[in-house]
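A.B. asks: Give me a model of this one.
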Amino acid sequence: MENLSEDIIMLIMKKVGVVDILLNLQKVCRSWRNICKDPALWRSIDMHSNYSYHIITCCSTTRINRTRYVMNDMIKHAIDRSCGQLIDIKLEKHFNVDILKYLTYRKNQLKRLQIVSCKKVTNKGLSKATKNMSSLEELHIYFGNITNAGLKNIGRNCPRLKSLTFDHQGRSIPTAIAKSMPELRHLSLFGNQISNRDLEAILDGCPHLESLDLRECFKLDLYGMPLGLRCSSSIKTLLLPNDSIADYQYGSSINRLYDTDDDDDDYRYVR
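C.D. replies: Numbers count the residues shown, from 1 in each chain. Sure, this is the predicted structure:
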């Protein structure tokens, strides 16, 4: 490891991820500590739910409520280290709108935001946060509580938005997409309850769509219908309601909670 260049070490760190950098790698030696402070390392931050499991299993005396505090503390520290260079962030489960506020206060030029099963991120909170995210080009929301009202505000706040994922949103019908996101190129509505009429409005309002994921949108009736022919002729990459979901990245396991009955303990990392 002593003969590795800084570029190679940084590449390894990016693969390892945020938690291991803060918990372990930055403590190896002074040179690694300096690399861990480089803002370039923090341009992309991925705080997926496996990290909370990692903390619980590696620190056996940490409980789930403590984990929420730890994860929020860690993500704030990672955002600080980006020094305004953050362009891509992925949040899962334990995060709330306070993290989005913290993100916008740091004046990052965010281009990609992914939110997975963050039930505490609300229409109001996300709408307010995106007022300071005019550079956003991709927004991916899975298993959330965002409704049509939130989408409407997001579309107004993010005129550069080119890619939207709005998957597994329960009974929320994303009709605001048609009126507020005319520049979309890529749209995923996996597992939503949209109708033929809703889809037709989206196609009318988003004339530049190149890819469209409609898997498990079982209220749609496209086979042999004019709307189905329109989709297949105008969309380059089209996934229909009954198409295979074998390559879909999220399953029912995303909603699993990790818990433990052990006593609390403090989590500490080197700032």
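A.B. asks: Tell me where the stretch 101-250 of the chain is predicted with low confidence.
C.D. replies: Confidence mapping of the stretch 101-250 of the chain against pLDDT under 70 gives the ranges 170-172.
A.B. asks: If we use 80, what do you get?
C.D. replies: 107-108, 169-173, 250 (pLDDT under 80).
A.B. asks: Strands of the stretch 151-271 of the chain, start to end?
C.D. replies: 163-167, 186-188, 211-213, 237-239 (DSSP state E, counting those that start in this stretch).
A.B. asks: what lines up beside the first one in the sheet?
C.D. replies: Read it as strand 163-167. strand 138-142 (parallel), strand 186-188 (parallel) (DSSP bridges).
A.B. asks: Can you point out the buried residues in the last one?
C.D. replies: Neighbour-count burial for strand 186-188, with 16 or more other C-beta atoms under 10 Å as criterion, is recorded at 186-188. C-beta: built from backbone N, CA, C; applies to glycine.
A.B. asks: what does that strand contact?
C.D. replies: Residues from elsewhere that reach strand 186-188 (C-beta atoms under 8 Å, 6 or more residues apart in numbering): 140, 162-167, 177, 202, 206, 209-213.
A.B. asks: Need the buried ones from those selected in ChimeraX.
C.D. replies: To isolate the buried members of these in ChimeraX, using 16+ other C-beta under 10 Å:
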select :140,162,163,164,165,166,167,177,202,206,209,212,213
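A.B. asks: how about the contacts of strand 186-188, which pair is most distant?
C.D. replies: Using C-beta to C-beta, the pair of those lying farthest apart is Asp167 and Glu210, separated by 18.1 Å.
A.B. asks: follow-up on the earlier one: will you turn the strands of the stretch 151-271 of the chain into CSV that also has distance to Asp20?
C.D. replies: Formatted as CSV, these follow (distance: least, C-beta to C-beta, whole Å):
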stretch, distance to Asp20
strand 163-167, 27
strand 186-188, 30
strand 211-213, 32
strand 237-239, 35
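A.B. asks: Mind splitting the protein into its structural domains?
C.D. replies: The chain breaks down into these domains under automatic domain parsing: 1-85, 122-244.
A.B. asks: and of those domains, who's closest to Leu103?
C.D. replies: domain 1-85 (5.9 Å).
A.B. asks: Let me know the closest of the contacts of strand 186-188 to Cys83.
C.D. replies: His140 (24.6 Å).
A.B. asks: Surely that closest one touches Leu113?
C.D. replies: Yes: the pair His140 / Leu113 is scored as a contact, 7.2 Å apart, by C-beta atoms under 8 Å.
A.B. asks: The nearest residue to Trp42 once chain neighbours are set aside and Ser117, how far apart?
C.D. replies: Sequence neighbours aside, Ser82 is the residue nearest to Trp42 in space, at 3.8 Å (criterion: C-beta to C-beta, 6 or more residues apart in numbering). Distance, Ser82 to Ser117, by C-beta to C-beta, to the nearest Å: 24 Å.
A.B. asks: now Asn242
C.D. replies: Counting by C-beta to C-beta, the gap from Asn242 to Ser117 is 25 Å.
A.B. asks: Now do the same contact list for Ala149.
C.D. replies: 123, 176.
A.B. asks: Quickly find the element holding it.
C.D. replies: helix 148-157 (DSSP states H and E).
A.B. asks: ok, Met71 - how many residues close by?
C.D. replies: The number of residues packed near Met71 is 24, by other C-beta atoms under 10 Å.
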